[in-house]
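S.K.: I would like the atomic coordinates for the input below:
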Amino acid sequence: MSDMTLPDLSKAMQDIDFAMLMTHAADGSIAGRPMSNNGEVEYKGDSYFFTWEESRMVTEIKADPKVALSFTGRKGLLGKPPIFINVEGEAELIRDKAQFEEHWTKDLDRWFEQGIDTPGIVLIKVHAGRIHYWDGEDEGELLV
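M.R.: Numbering: from 1, shown residues only. Purely as a prediction, here's the structure:
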């Protein structure tokens, strides 16, 4: 069992471009979709993703805010094999433009052409409760 800290995981996550965000679908199945992971932001237990208010994902979060994130890094720490990170958490839907601005990056303009003023966008905040990771032969868990 490894004793990685949250700053250690944050460093590993900076090289990961995408996460899979999993929600609970209406029929009880697990639904997943790729979401952009902003590696420029230091991970402190919260992840932020922009999406459309009318998306199925938002509907599923409204019904059950318990979600999971899955990250896979191309390389582990210290030249080890890839790192795998699973985050169990609770999602919150944010519609406040001040928070939009705080988490906005220029790359988002591709999807939301009017920036934070794009009609119909929402910010998903996932607050981690438990993080399980596998880094080569080491594995561990953090409670956040």
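
S.K.: any idea which residue sits dead centre in this protein?
M.R.: In the chain, the centroid-proximal residue (CA atoms, centre = their mean) is Ser47; its distance is 4.4 Å.

S.K.: host element of that residue?
M.R.: Using DSSP states H and E, Ser47 sits within strand 46-52.

S.K.: ok, then the element right after that strand?
M.R.: Next element after strand 46-52 (DSSP H and E): helix 56-63.

S.K.: okay, now Arg54: neighbour count?
M.R.: For the record, residue 54 is Glu, not Arg. 9 (other CB atoms under 10 Å). (C-beta placed from N, C-alpha, C; glycine too.)

S.K.: what comes up buried for stretch 8-19?
M.R.: The neighbour-count check on stretch 8-19 (16 or more other CB atoms under 10 Å) flags Asp8, Leu9, Ala12, Met13, Ile16, Ala19 as buried.

S.K.: which ones are touching the residue nearest to Glu42 when sequence neighbours are not counted?
M.R.: Of all residues not flanking Glu42 in the chain, Ser10 sits nearest, at 5.3 Å (CB to CB, 6 or more residues apart in numbering). By CB atoms under 8 Å, 6 or more residues apart in numbering, Ser10 lies in contact with Glu42, Tyr43, Lys44.

S.K.: In terms of helices and strands, where is Glu102?
M.R.: helix 97-103.

S.K.: measure the residue nearest to Glu42 to Lys97 for me?
M.R.: For Ser10, the distance to Lys97 (CB to CB, to the nearest Å) stands at 27 Å.
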